[in-house]
Each structure stands twice: as C-alpha cells, then as structure tokens.
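K.L.:
can you look at this prediction? I've put the sequence above it.
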Amino acid sequence: MHRLASLIFVSLLSVIVAAPVPAQTTTKSATKSAASKSAPRPDFPPHTAILKGFEKVVSSNDASRTLFTIYRRNKDQQVYGELPAGVGPSQKFYIALTVSSGERFAGLQAGEMYVYFRRFNKSLALIEPNIGVRSTGDRHSKASVPRLFTDRVVMEIPIVTMGPSGGPVIDMDALLVGGASRFFGSSARSSSPRLFSIKKCKAFRDNVELAFELPTLGGRLKTLHYSISKMGSSPGYVPRKADERIGFFTTTYRDLGKYRDEEVQVRFINRWHLEKDDPSLKISPPKNPITFYIEHTTPVRYRRWVEKGVLYWNKAFENIGISNAIQVEFQNARTGRHVEKDPEDVRWNFIRWLNNDVGTAIGPSRVNPLTGEILDADIILTDGWIRHYWMQYNELLPQAAMQGMSPETLAWLAKHPSWDPRIRLAAPSERVEVRRRVARQALSPYAGHPMAQVDNRFIGDDLYDGLIGRTSQVNGLCLAAQGKAFDLSLMKMHLDILAALDDDDDKKKDDKKKDDKKKDDKKKDDKKKDDKKVAAKPKRPAATLIDGIPEWFVGPLLSELVAHEVGHTLGLRHNFKSSSIYSLAEINNGTLKGKKPFAGSVMDYIPVNMSARLGKNPAKGDHTMIDIGPYDLWAIEYGYTFSKDLKKILARVAEPELAYATDEDTGGPDPLARRYDFSKNPLDYAKAQLDLVQYHRGRLLEKFVKSGDSWSKARRGYELTLSLQMRSVSMMANWIGGAHVNRDRKGDKNGRAPISVVPTNSQKDALKFVIESTFRDKAYGLSTELLRHMTVDKWLDGGGGFHHAMNSQPAWPVHDRIIGLQASTLTMLMNPTTLRRTYDNEFRIPADQPALTLPDLLKALSTEIWSELGQKPKEGATARKPLVSSLRRNLQQEHIDRLITLSLPGNGSGAAYKAIALLARQELVEIRARVAKSTKDWGGKVDPYTRAHLGRLQDQITKVLDAQMIYNAKDIGGRPALPSFFLQPRDAELAPPERP
C-alpha cells in the first residue's frame with residue numbers, strides 16, 4: 001500500500017511540474033526571487049510594530065514639534081523616545097537632575113549633565129564632551145586639543161527602531177531608570193529594577209520632563225526627575241571675564257591656544273542674560289525678566305517676607321538701568337494659577353518650601369558650561385530653622401571650635417588626636433567612633449579638609465559642593481539657615497525669660513496698688529516716681545506671633561535668608577568679610593536703623609544683633625539686614641552693567657564698604673574672613689554676646705524653666721549659652737597671629753598692601769578675652785544648684801530618645817565638658833599654624849614697632865593657667881576647698897601635655913617649629929621652677945588634691961627635660977624612645993589607628 005501511494009504521488013507531481021506556467025506569473029516570481037536575494041534585511045523592526053499600544057505624549061497646545069517625540073504605554077509603564085533625525089555631536093542637550101521625593105531635601109537640584117548622542121551601529125552612546133580644555137589659537141592647536149583631550153562615554157543605549165520622523169527610538173526607562181546610578185550616583189541604584197512607575201511624562205518644544213518612582217538601595221521609594229533640554233546660548237549673550245576682586249561663581253576652562261600663564265586659565269562669571277527692552281531709555285524694563293514662582297506649599301503667613309527678600313535685588317539692577325529685573329509670581333493650588341508649571345522643569349525658577357526637621361536653605365543654579373550664562377535657578381527653603389528650638393550641641397560646639405582650621409592644622413590634629421576639638425567635645429560614648437572617622441578623613445588629600453571631600457554626583461551634602469571639580473561653579477551648600485536656627489533658639493529663650501520678668505512686674509504693680517490705698521499723700525508721690533521708673537523700662541512689645549515667634553523678628557530674618565539665596569542664583573558667592581564695615585556702636589546708635597543695612601552684603605552669614613536685655617542698654621539698631629548692601633550693588637554693577645569700562649568699577653576695591661572674602665579664605669590668616677562674626681571690631685560683639693550668656697544663665701532656673709516644665713529645659717538652655725560662648729571665643733582666637741588680606745591690584749585707587757598684620761593691641765585684646773572667657777572657673781557660671789537641675793528627658797524611642805539615652809547621662813558631665821572646651825581653646829591658640837603665623841608676623845613688622853611675639857603668646861597662657869602659683873595659700877585649704885580647683889587642675893595638666901608635645905623633636909615641620917620647640921621647653925623649665933618654689937613656700941598648708949597634682953606635674957616635667965634626645969633616629973632605623981608616661985590611657989584611646 002505504501003508503494004502504491006508513493007507511485008500515485010509521483011505521478012501527480014509530474015503532471016503538475018509538466019503543466020505550462022503563464023509568462024506573467026513566471027516573470028513576477030523571478031523578480032521577487034531576485035529582489036529577496038539582493039535587498040538587505042532591515043536593521044530594526046518597523047516602528048508600527050514597536051510602538052503598537054503606545055500613545056504619543058502631547059503636553060501643550062502646540063504639539064507640532066517637541067524636543068523628543070515621547071511615547072507612553074501605561075499598562076507596563078514603558079516610555080520610548082524618538083530623538084531628532086540625524087542626532088549627533090552637533091546637537092547638545094542639557095540634563096538637569098532632581099530628586100523630587102523620598103529625601104529630606106526633595107526638590108533640591110542633584111546636578112546636571114551636558115551631553116550629546118552618537119550612533120555606533122545599532123546603539124547610541126550618551127557622551128559628555130570635553131569642555132575643560134579648549135583652544136582659540138591657531139589651526140594647529142585647534143586640531144591638537146580635541147585629539148588629546150577626548151570626550152567621555154556615560155553609557156550605551158540600544159536603538160529599538162527608527163521612528164516615524166526618521167529619528168532613532170530608544171527605551172527611555174531603560175536609560176533613565178536602569179541607568180539611574182550613572183546620573184544620580186550609586187545611591188540611586190534600584191533595589192528592584194522591575195519595580196518603577198512613571199510619575200511625570202511631558203514633552204515640549206524645547207524640553208522633555210520625565211520622572212520615575214523606584215525603590216533605591218534599601219527599598220526607600222524615591223522619585224528621580226530628569227529635565228532634558230536643548231543647549232544653546234541666548235542670542236546676543238557675551239561672556240564676561242571674572243575678576244578675583246569681586247565674588248562670582250565662575251565657568252572655567254584652559255585655553256591651550258594661549259601662551260601666557262595669565263591667559264591660559266579662562267574664567268567667565270556666571271550671570272543671567274538681561275537686556276533692556278528699550279536700550280534708548282536710561283531706565284527700561286527688561287526684555288526677559290528673571291521670574292521666580294513661589295510654590296504653593298509656602299505657608300501664606302511667610303509669603304510676603306519671601307517675596308520681599310527676592311525683590312531686594314531690584315535696587316541693584318535699577319542702578320544699571322533695568323527696572324523690575326526680578327519679578328515674583330505666586331503659584332496657587334486653590335485657584336489653579338501657575339499650577340501647570342513644574343518646579344523641576346528647567347524653564348521655570350521656583351522657590352520651594354519643604355517641611356522637614358533640618359534647618360537649611362540653598363540656591364543652586366544651572367549654567368551653560370560653555371559661556372557661564374545662567375539658565376535656571378531654584379531656591380529650597382525648609383521650615384526646620386524656624387521650628388528648631390533646640391540644636392544638636394554636640395555638633396555645634398565642634399563646628400565652632402574648628403572654624404578657621406587650615407589643612408596644615410588638620411594634618412597636625414591627625415597626628416595628635418588628643419588636641420582635636422571634634423574628639424574632645426564628642427560624647428564619651430561616641431569618642432572612639434569620632435576618632436576613627438577623623439582618622440579616615442585624614443588619609444584623604446589635605447588631611448581631610450572639606451575641600452577634599454567634595455562629591456559632585458550630588459550637591460548639598462559637602463561644605464564645598466558646587467565649587468570644586470566642576471566647569472561651572474554653583475551654590476552647592478549654604479549654611480546661612482543654620483545660623484538663623486541658632487539665633488531663633490536664643491530669641492525664644494530670651495522671650496521666655498522676658499515673659500517671666502513681665503509677669504513679675506505685673507504682680508509687683510498689683511501689690512503696689514493694694515498698698516497705695518493705705519498710704520498718705522507723700523507715699524503717693526513716691527509711688528508716682530516709682531511708676532515713672534517702671535514705665536521707663538521697655539516691655540516686650542505686643543506683636544503678631546508667627547509659629548510662636550514675633551513676626552517683627554522672624555519676618556525680616558526670612559527676607560534676609562531669601563535675599564542671600566537669591567544672590568547665589570544671580571551668580572554671587574559668599575562674602576564673609578562684609579560684616580566688618582561698621583562698629584557695633586555705629587550699628588546701635590540709631591542712625592542706621594531702618595535706613596541702611598548694617599553690613600556690606602547679604603551674602604555673609606550674619607548673626608542677630610541682640611543685646612543682653614531689651615530693658616537695659618537695648619540694641620537700637622536693626623536686628624538683621626533690611627536690604628542688600630553696598631557690596632551687593634557693586635557686584636551686580638560689575639556683573640550686569642552695559643558699560644564697557646569695567647576697570648573703573650573694579651578700581652573701587654579699596655573702599656571699606658566693599659570688603660570681600662569668601663569660603664576658601666576662612667581657613668586663612670584674615671580674622672575678618674569669618675562666618676558668624678559681626679562688626680568692624682568683633683571683640684565688642686563677642687563681649688556683648690558673653691553679657692547675653694551671663695544674663696540668661698542667671699535666670700535659667702527661676703525664669704526660663706516654668707512650672708510644669710521638665711528640668712531638662714535648664715540643661716538645654718545652659719548648653720545653648722555654652723555654644724554661644726564657644727562661638728565668641730573661637731571668633732576671637734582667630735585674631736592671634738592674624739593678618740588682613742586685601743585683593744587690591746597695583747594702580748587701584750587708594751590701593752592697600754595685600755598683607756597687613758593685625759594691630760598688636762587688637763591681638764593682645766583678643767588674647768585677653770579668650771583667656772578670661774575660657775580658663776577661669778567663673779566664666780562658666782556654674783553653681784551646685786544649677787548642676788543639680790541639669791538633667792535630660794527620659795525617653796527611649798524613635799524620636800531621638802535612643803541617641804540621647806546612650807550619649808546623655810542624667811547628671812551633666814561637668815568636668816568632661818569643661819575640659820573639652822578648654823582643651824579646644826588651647827588647640828586654637830597653640831596649634832602649630834597659629835604659632836607659626838605669630839612667629840612669621842614678627843618678621844613683617846619693623847623691629848622698632850610693637851608686636852605680639854611667640855614668647856608673649858606662650859607666656860600669657862602660662863601666666864593665666866598657673867596663676868595660683870606664688871599666691872599665699874588660703875587658710876584651711878582642704879579636699880573640699882582645694883587651693884587649685886578641679887577644673888583648673890585639669891586645665892594645668894592639659895597645658896603641660898601641650899607644652900611637652902611641642903617641645904619634642906620631630907613633632908613638627910618647618911623652620912618655625914624649632915623656635916616653637918625651644919620656647920615650649922623653656923616654659924616647662926620655668927613652670928617646674930615655679931611649682932617647686934610654691935610647693936616649698938606653702939609647706940603643709942596644701943590640700944591633698946593640689947599636693948598630688950603639683951607633685952606629679954613636677955615629676956613629669958623633670959622626666960621630659962632629662963630625657964635623652966636621639967638625633968637621626970630615622971636614618972638608623974629606629975624611633976625616638978619616649979618616656980613611659982606618654983602612654984596614658986587617654987592618649988592610647990585617642991591615638992590614630994595604624995595604617996594598613
């Protein structure tokens with residue numbers, strides 16, 4: 001059967017093959033067969049198949065053309081984008097990055113990228129062009145530079161199809177979600193790559209807005225926003241060269257077509273493109289104003305103060321002929337006004353309000369990296385600085401003590417951790433971890449200085465963010481709000497105390513009224529006199545309260561803070577020297593109040609002008625800045641003027657009101673280049689602050705802590721005053737060995753020398769203040785009654801209770817805290833940088849003129865710290881009433897340890913250290929002699945504590961002075977042998993870990 005079936009099949013097949021085929025059919029088949037062999041297979045599947053189920057995104061009425069054609073499919077959260085046809089290196093794009101939810105600082109710009117796409121076969125490469133090195137020289141250098149300094153590939157993305165318009169189509173979520181860590185850093189890497197959702201998907205003519213919510217490492221949901229726009233310069237924009245006499249953020253590159261050193265590094269200031277709408281007018285509206293939109297999340301009660309701070313700057317632009325250069329619009333969620341504008345959209349400038357528990361404000365901007373033109377700016381404000389009554393004092397104290405520390409000093413502290421304020425002021429339970437962290441930081445360049453800690457993948461978390469390692473600088477971190485939080489804490493305590501005083505006055509008045517009925521006419525006359533005295537004392541004015549604070553106080557503070565951040569968005573850097581243009585007497589004599597700002601610039605960190613009590617010698621000046629200052633007007637004039645004579649503007653640099661110093665100057669020798677100092681002579685301000693400290697300390701238990709309050713309030717109040725005390729001491733310690741630094745150039749009008757040593761009397765006065773405010777027991781206002789009430793709240797929960805429970809014992813650690821402050825102050829005065837500067841300054845001053853010398857400094861410290869020596873012993877000195885108090889014994893031991901360290905060979909570098917070591921040794925010799933004499937003179941009248949203390953110190957100094965010094969130990973393969981008493985438990989605990 002199978003054979004028969006096969007024969008039948010073959011026969012039928014033969015008939016079919018033999019049948020004639022029509023000629024037309026044969027021709028078509030042949031043609032089709034030939035075409036199939038010669039035509040190549042398409043590189044990509046048809047877009048109709050790939051884009052099936054997707055919807056084209058239309059975000060505006062004019063949908064005829066968008067930057068990218070965006071397609072979205074909701075069922076699986078897919079986004080495809082068709083790029084322009086022929087996309088390549090000539091088409092540059094700007095990607096602005098924002099974490100818009102899931103972080104405390106959500107809404108803060110996270111960075112930006114300047115990129116182009118380049119096709120490689122079936123893929124596109126996202127590439128960052130090299131713009132840091134360029135050439136404007138001859139054709140040879142223009143050909144050489146791009147060959148040597150090439151571009152960088154960020155990532156590869158496959159082309160999925162060619163779109164309807166002929167452009168490549170890519171998977172946008174694969175690029176922006178799968179590659180999120182390439183844009184936002186490792187913290188944005190998704191813990192579950194398949195879990196994400198589209199939060200925003202908009203396409204406009206010049207930009208595309210895409211946002212995705214995804215779980216990052218650790219599982220926390222974050223929304224990553226990408227604002228992609230085309231990059232181009234505004235028509236008519238001309239870059240302006242930067243000048244170091246005025247502080248602008250800069251856009252910088254190296255021009256290897258130039259051959260003079262001063263021309264190779266090219267710096268443009270960052271500024272907006274502002275033009276007059278009518279150039280023929282002396283004062284004209286702008287062609288395109290800078291408009292800030294105040295986000296609807298901003299509380300209504302604060303909006304007018306925010307607006308006021310923004311508009312301060314219009315005065316500066318009116319000076320150069322532009323009226324209303326900056327405008328403000330309010331976003332209104334209720335009426336729908338401006339709600340279609342996204343704060344993350346690069347086209348709009350927003351002021352955003354965040355409700356978190358962190359006191360901060362920051363004003364970053366986005367800049368064309370080729371020209372320095374500012375394209376977009378946003379300001380982030382948080383309410384944390386308003387709500388933050390109690391600060392983290394374990395952070396504030398070290399910050400104050402470390403102000404002005406240079407890389408040289410940090411390197412010393414790394415080798416001598418027992419000198420480090422960050423360690424000495426840490427809670428005992430945290431000290432080991434702080435020591436380890438400091439040691440790790442010290443291994444980085446510049447001994448862990450904040451300048452070496454910058455990570456440009458995210459701004460807002462490092463002190464010098466936005467300033468280093470970037471072509472275009474921006475304001476990456478600003479601590480102005482932190483100072484405002486501290487000031488508000490002081491004000492709230494002040495108001496609580498004044499309220500209690502007012503209550504007492506009211507009670508006294510009631511008592512007087514009862515007594516008056518029983519008094520004769522003479523007594524009534526006396527009462528009238530008393531009433532006049534009472535009336536003469538200003539009462540706390542009745543005022544509108546905002547969140548528990550008088551509006552007259554917090555409103556102007558907010559306006560100043562906003563003006564500061566707006567200044568950053570206009571291109572201005574910090575100016576930490578501007579608070580020095582008026583004396584404290586000039587500020588508070590009433591002539592400036594309400595008329596002129598009391599500092600040169602709002603770009604400074606300026607503390608509140610507050611007197612010890614509003615009813616006694618009140619401060620008659622403004623408590624904060626009421627407008628932008630003369631430096632701000634000058635800076636805007638240089639940056640935005642239409643005049644071509646810029647040299648004339650710059651030549652004003654020596655005018656006192658135009659003083660300028662910025663972030664990197666704070667580690668230098670100029671004591672006026674300082675955060676949170678105030679007035680031309682900061683010593684007057686420091687004394688006023690200590691008056692405030694003493695005033696508050698004397699009223700903590702009676703007036704500050706009210707019935708029903710926890711006694712922990714007394715401890716927090718005391719530590720607040722301690723922070724103010726340390727800030728004042730640190731501010732003045734910076735004057736010792738100081739020198740004023742000026743930025744004048746030769747030929748400037750009234751030009752000054754670039755270096756001018758701080759007057760000798762100013763240094764001596766500062767030293768006297770620091771000594772008396774730190775080394776004397778009475779400086780701390782402690783009493784047995786106060787110490788018995790300084791406790792902590794007893795909570796153990798997620799609201800910070802665990803941290804406080806572990807680090808804060810119920811009884812305040814009086815000895816540990818006070819010696820931490822005193823040791824930190826000794827570090828400020830005895831660190832090798834301060835000593836070297838003092839020694840070097842001697843050479844800068846003619847020998848026939850007075851100077852603060854190195855022996856003067858060391859002798860002043862010894863004289864104060866050992867003032868008990870040579871005095872007659874008190875009758876009845878006992879362990880309960882020792883001749884030398886416990887606080888002073890700790891201080892004296894610390895002083896000896898410091899002198900020993902300085903006297904040892906090999907403990908420092910530089911020529912100055914030899915003189916330092918010799919003088920430190922001489923101080924030890926003289927202290928030993930004084931101890932020996934006093935011990936002999938006192939005989940048996942010394943208490944046990946003092947006898948044991950002085951005996952040990954005398955023995956310790958003797959061993960050091962008798963120790964053999966081994967020269968060239970390094971060359972013979974050994975290390976100098978140190979006496980065993982150096983290896984004390986505290987020093988062993990603080991010693992840095994061994995390097996691997």
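P.N.:
Great, that's in hand. Numbers count the residues shown, from 1 in each chain.
K.L.:
how's this protein carved up into domains?
P.N.:
Listed by automatic domain parsing, the domain ranges of the chain are 55-231, 831-962.
K.L.:
including distance to Gln453, mean pLDDT and mean neighbour count, could those domains go into a markdown table?
P.N.:
Just so you know, the C-beta spots here come from the backbone N, C-alpha and C atoms, and that holds for glycine as well. Formatted as a markdown table, the domains of the chain follow (distance: least, Cβ to Cβ, whole Å; pLDDT from 0 to 100; neighbours: other Cβ atoms under 10 Å):
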| stretch | distance to Gln453 | mean pLDDT | mean neighbour count |
| --- | --- | --- | --- |
| domain 55-231 | 15 | 90 | 17 |
| domain 831-962 | 20 | 93 | 17 |
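K.L.:
please enumerate the helices of the stretch 301-450 of the chain.
P.N.:
With DSSP state H, counting those that start in this stretch, the ranges of helices along the stretch 301-450 of the chain come out as 314-318, 384-387, 393-402, 407-415, 421-424, 431-442.
K.L.:
nearest to Ile362, of the ones you listed?
P.N.:
Of all these, helix 384-387 sits nearest to Ile362, with 12.0 Å by Cβ to Cβ.
K.L.:
how many neighbours does Ala499 have?
P.N.:
14 (other Cβ atoms under 10 Å).
K.L.:
which SSE is it in?
P.N.:
In this assignment (DSSP states H and E), Ala499 forms part of helix 480-516.
K.L.:
let's have the domains of the chain in JSON lines, adding distance to Arg347.
P.N.:
Output for the domains of the chain, formatted as JSON lines (distance: least, Cβ to Cβ, whole Å):
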{"stretch": "domain 55-231", "distance to Arg347": "6"}
{"stretch": "domain 831-962", "distance to Arg347": "48"}
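K.L.:
closest to Lys492 out of the ones you listed?
P.N.:
domain 55-231 (22.9 Å).
K.L.:
off-centre distance for the closest one?
P.N.:
29 Å (Cα atoms, centre = their mean, to the nearest Å).
K.L.:
now do stretch 42-51
P.N.:
On the basis of Cα atoms, centre = their mean, stretch 42-51 sits 51 Å off its chain's mean C-alpha point.
K.L.:
now stretch 640-652
P.N.:
Distance, centroid of stretch 640-652 to centroid of chain: 31 Å (Cα atoms, centre = their mean).
K.L.:
same check, this time on stretch 440-454
P.N.:
16 Å.
K.L.:
what are the buried residues along it?
P.N.:
441-442, 446-454 (16 or more other Cβ atoms under 10 Å).
K.L.:
which residues does it contact?
P.N.:
406-408, 410-411, 413-414, 438, 462-465, 467-469, 476, 664, 667, 992, 995 (Cβ atoms under 8 Å, 6 or more residues apart in numbering).
K.L.:
where in the stretch 501-650 of the chain is pLDDT low?
P.N.:
501-543, 612-619 (pLDDT under 70).
K.L.:
what segments of it are helices?
P.N.:
Using DSSP H, counting those that start in this stretch, helices in the stretch 501-650 of the chain cover 521-536, 551-569, 584-587, 630-640, 646-650.
K.L.:
Gln331: which of those helices is closest?
P.N.:
That would be helix 551-569 among the helices of the stretch 501-650 of the chain, by Cβ to Cβ, at 15.9 Å.
K.L.:
would you mark the buried spots in the closest one?
P.N.:
Applying 16+ other Cβ under 10 Å to helix 551-569 flags 551, 553-569 as buried.
K.L.:
compute the first-to-last residue distance for stretch 40-52.
P.N.:
24 Å (Cα to Cα, to the nearest Å).
K.L.:
what is the mean pLDDT for it?
P.N.:
The average pLDDT within stretch 40-52 is 89.
K.L.:
residues contacting it, please?
P.N.:
71, 80, 122, 159-164, 169.
K.L.:
how about the residues you listed in CSV, adding distance to Arg65 and secondary structure?
P.N.:
Shown next, in CSV, are these (distance: Cβ to Cβ, whole Å; DSSP: H, G, I helix; E, B strand; the rest coil):
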residue, distance to Arg65, secondary structure
Tyr71, 16, strand
Tyr80, 18, strand
Lys122, 26, coil
Ile159, 21, strand
Val160, 22, strand
Thr161, 20, strand
Met162, 18, strand
Gly163, 14, coil
Pro164, 13, coil
Val169, 17, strand
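K.L.:
would you mind giving these as a markdown table with distance to Gln725 added?
P.N.:
Converted to a markdown table, the contacts of stretch 40-52 look like this (distance: Cβ to Cβ, whole Å):
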| residue | distance to Gln725 |
| --- | --- |
| Tyr71 | 64 |
| Tyr80 | 62 |
| Lys122 | 68 |
| Ile159 | 66 |
| Val160 | 66 |
| Thr161 | 69 |
| Met162 | 71 |
| Gly163 | 68 |
| Pro164 | 71 |
| Val169 | 65 |
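K.L.:
now the buried members of the contacts of stretch 440-454.
P.N.:
Listed as buried from the contacts of stretch 440-454 are 406-408, 410-411, 413-414, 438, 462, 464-465, 467-468, 476, 667, 992; burial here means 16+ other Cβ under 10 Å.
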